[in-house]
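# Sequence and predicted structure, then a few things I'm wondering about:
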Amino acid sequence: MTKQSETLQRRGGIVAIRVSVSILVLCVSTCAVRSSAVEVGLQKQLLVDDYVIAEKHNVTREAGQAKKYGVVMKPTLPTDFQSGKVHDGPDGGYGFESHFCWFFSPHWDSNRQMFRMWYMGGKREGSGLAYAESKDGIHWTKPMVSKDGKSNLVLEFGLDGATVTIDPNVPYGAPDKFKCAYFPIKGPCQTRLGYSADGIRWKFYNNAQPVTGRAADFSNQILWDPIKRRYLLLCRQDFAGGGGLGEHRGVRIMEHSEGNDLINHPTAWKTLTTFALNDPDKTVIPGTKTPQRQIHTFPMWYYEGVWFGLTDVLVATNKHVPDGEQDYDKRHEKGVWEFYMAPSRDGVKYDFTVAAYPRKPLIPRGPAGSFDKDCVRPPSNIITHNDEHWIYYLATNERWGCHRWDARLALAKLRLDGFFFLEAKEKPGTVVTKPFNLEGRRLEVNADARAGQVQIEILDADGKAIPGFSGKDATEYQAVDNLRLKPAWKDNKDLSALKGKVVRIRFRLVSARLYAFQIQ
């Protein structure tokens, strides 16, 4: 071999090594992008956490606040155990407070095209699970649907912790389309389950016997999990005490472990998690080691790929309010209920850091003298109607443990997807998503930039600007407030040219709020 040939061979080897290294780097880079990519598909992306977010600059995540509409239902029937007159009567015979709407389940029934509500009339015998309905969600009637036609009770015995679910996993007309979870006052404090074809006539799993251990004085709830296709059961977990003062209340979430066959295996519930509120405020109830701020009830609600814990926080005390010492004017700070939202991606682990811990309620308690000054308690379900979230809530004008108060059902409304949002003030902010495979052709953005502007750019998988979709080619939208803003670019009215590619989205915000986006 000549010297020249050896030189050429060496150079060829070096080139081959360089090419191999380049290919290896490209493969590693591609694999890194793929591993950091998220599945977006055509699912709306709520910005409740950083699941789809890679970078944020000069933006903060905030909790939304609903606007109050007012009272929509009062106790009016003998089985409500309040006459509706001011400060009139506890439900008597059991406990202290009036229990009108202590637990309630509002739903939109798409089959009957009406709002329907199941609520607790009272705890004692002579009351039970009551029913109301409405065409507009504002004006409610209480039809006499009981077996004897003399009341609106669908379960005619004293009960507690009762909620009703319209099961999306089975069709209308199925014998178990409607499901309920509850516990009867006469019996152990353990959850029982029922089912119904119409929400009026009920049968019971496990022969109306308990399906779990203690406790059940809570927002008992049976739910279908569309993510993992399983039934979940929500009950209360005791961390201290066994009822009344000195309790440390918490949450128990279970899954059905026998193929969702509730008829043949009604007690097959496996615990997924138990937890209490780990509030940074470590104040305890005087004379105990029990935290003052506790989860009192915790209905779970599923919306657009995210679970929400409708967190009812009780600021607990060590004594009830003696009869005769009620104060219907002063706004109290102890013995009160407050309503916060807590998001979850799996229905098991919930985030309390954005709303509950910093005291940012979804529906604030009212001012002194108002009907809701001391209690705002969540529903078991939020209704999305006419591009708004309709949020019914129990309101009272006195504290937990008070012998007399005015129990009212009220309504608040929130903009679509408005539970949490990313906000930039006057200083420009940016939000960049993780890479994802673009499966659709059109982007819709829920944003409020009435006092500012928003610009939407499309980047490649590495975060580099794609010509025609970034910089000056991306429209700057000013003074807009749109639930479904459809951004366009200079020479591209949509994303058809990029379909099938791995991309990122960069949102540029000035004095703007970003709620959600969706590929379609």
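Structure's in. What do you need?

# And the residue nearest to residue 311 when sequence neighbours are not counted, what's its pLDDT?
Taking Cβ to Cβ, 6 or more residues apart in numbering, and ignoring the residues beside it in sequence, residue 311 has residue 340 as its nearest neighbour in space, at 4.4 Å. Every residue, glycine included, has its C-beta placed from N, CA and C. Residue 340 is assigned a predicted lDDT (pLDDT) of 98.

# Contacts only, for residue 340.
Under the criterion of Cβ atoms under 8 Å, 6 or more residues apart in numbering, the contact partners of residue 340 comprise 63, 311, 313, 352, 355, 356, 360, 361, 362.

# Also residue 66?
Residues touching residue 66, when contacts are defined by Cβ under 8 Å, 6+ apart, comprise 362, 363, 389, 391, 412, 413, 414, 418.

# 10 Å - rerun?
By Cβ atoms under 10 Å, 6 or more residues apart in numbering, the contact list for residue 66 reads 339, 341, 361-364, 382, 388-391, 393, 411-415, 418-419.

# List just the nearest of the contacts of residue 340 to residue 436.
Closest approach to residue 436 among the contacts of residue 340 (Cβ to Cβ): residue 63, at 25.9 Å.

# Check the offset of stretch 322-341 from the chain's centre.
On the basis of Cα atoms, centre = their mean, to the nearest Å, the separation between the geometric centre of stretch 322-341 and that of its chain is 25 Å.

# mind checking the end-to-end distance for it?
Start-to-end span of stretch 322-341 (Cα to Cα, to the nearest Å) is 32 Å.

# And for stretch 280-299?
Between the opening and closing residues of stretch 280-299 lies a distance of 22 Å (Cα to Cα).

# Kindly report the same for stretch 135-148.
Stretch 135-148: ends 25 Å apart by Cα to Cα.

# May I see the buried residues of that stretch?
Buried residues in stretch 135-148, counted by 16 or more other Cβ atoms under 10 Å: 137, 140, 142, 145, 146.

# likewise stretch 378-391?
By neighbour count, with 16+ other Cβ under 10 Å as the criterion, the buried positions of stretch 378-391 are 378, 379, 380, 381, 382, 383, 388, 389, 390, 391.

# just stretch 45-56 next, same as before
Of the residues in stretch 45-56, 45, 46, 47, 48, 49, 51, 52, 53, 56 count as buried by neighbour count, 16+ other Cβ under 10 Å.

# out of these, who's nearest residue 112?
Looking across these and measuring by Cβ to Cβ, the closest to residue 112 is residue 46, at 28.9 Å.

# and the gap between the closest one and residue 60?
Using Cβ to Cβ, to the nearest Å, residue 46 is found at 16 Å from residue 60.

# just the helices in the chain please.
Assignment of helices within the chain using DSSP state H yields the ranges 3-36.

# Sketch out the low-pLDDT regions of the stretch 51-200 of the chain for me.
By pLDDT under 70, the weakly predicted segments of the stretch 51-200 of the chain are 83-84, 88-97.

# The spatially most central residue of the chain bridge partners, please.
Compute the mean C-alpha point of the chain, and by Cα atoms, centre = their mean the closest residue is residue 308, 2.3 Å away. Beta bridges link residue 308 to residue 301, residue 343, judged by DSSP bridges.

# Where does pLDDT dip in this structure?
Judged by pLDDT under 70, the chain has its weakly predicted residues at 1-35, 83-84, 88-97, 242-245.

# Which parts of it belong to which domain?
Here the domain assignment for the chain is 37-62+420-519, 65-415, based on automatic domain parsing.

# The last one spans what distance, first to last residue?
Pointing back at domain 65-415 there. Distance between the boundary residues of domain 65-415 (Cα to Cα) amounts to 9 Å.

# Quick one: distance of it to the chain centre.
The gap between where domain 65-415 is centred and where its chain is centred comes out at 13 Å by Cα atoms, centre = their mean.

# What of stretch 434-442?
For stretch 434-442, the distance from its own C-alpha centre to the chain's C-alpha centre is 26 Å (Cα atoms, centre = their mean).

# Put the alpha carbons of that stretch into PDB.
Output in PDB follows, covering the C-alpha atoms of stretch 434-442 (Å, rounded to 0.1, in the frame of the first residue of the first chain):
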ATOM      1  CA  LYS A 434     -43.100  20.300  25.800                       C
ATOM      2  CA  PRO A 435     -42.800  18.700  22.400                       C
ATOM      3  CA  PHE A 436     -45.800  16.800  21.100                       C
ATOM      4  CA  ASN A 437     -46.900  15.100  17.900                       C
ATOM      5  CA  LEU A 438     -49.300  17.400  16.100                       C
ATOM      6  CA  GLU A 439     -52.400  15.200  15.200                       C
ATOM      7  CA  GLY A 440     -54.800  17.900  14.100                       C
ATOM      8  CA  ARG A 441     -54.900  20.900  11.800                       C
ATOM      9  CA  ARG A 442     -56.300  23.700  14.000                       C
END
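
# May I see the buried residues of that stretch?
Residues of stretch 434-442 classed as buried under the neighbour-count rule (16+ other Cβ under 10 Å) are 434, 435, 436, 437, 438, 440, 442.

# Those in strands, which ones?
If you go by DSSP state E, the buried residues of stretch 434-442 have 436, 437 in strands.
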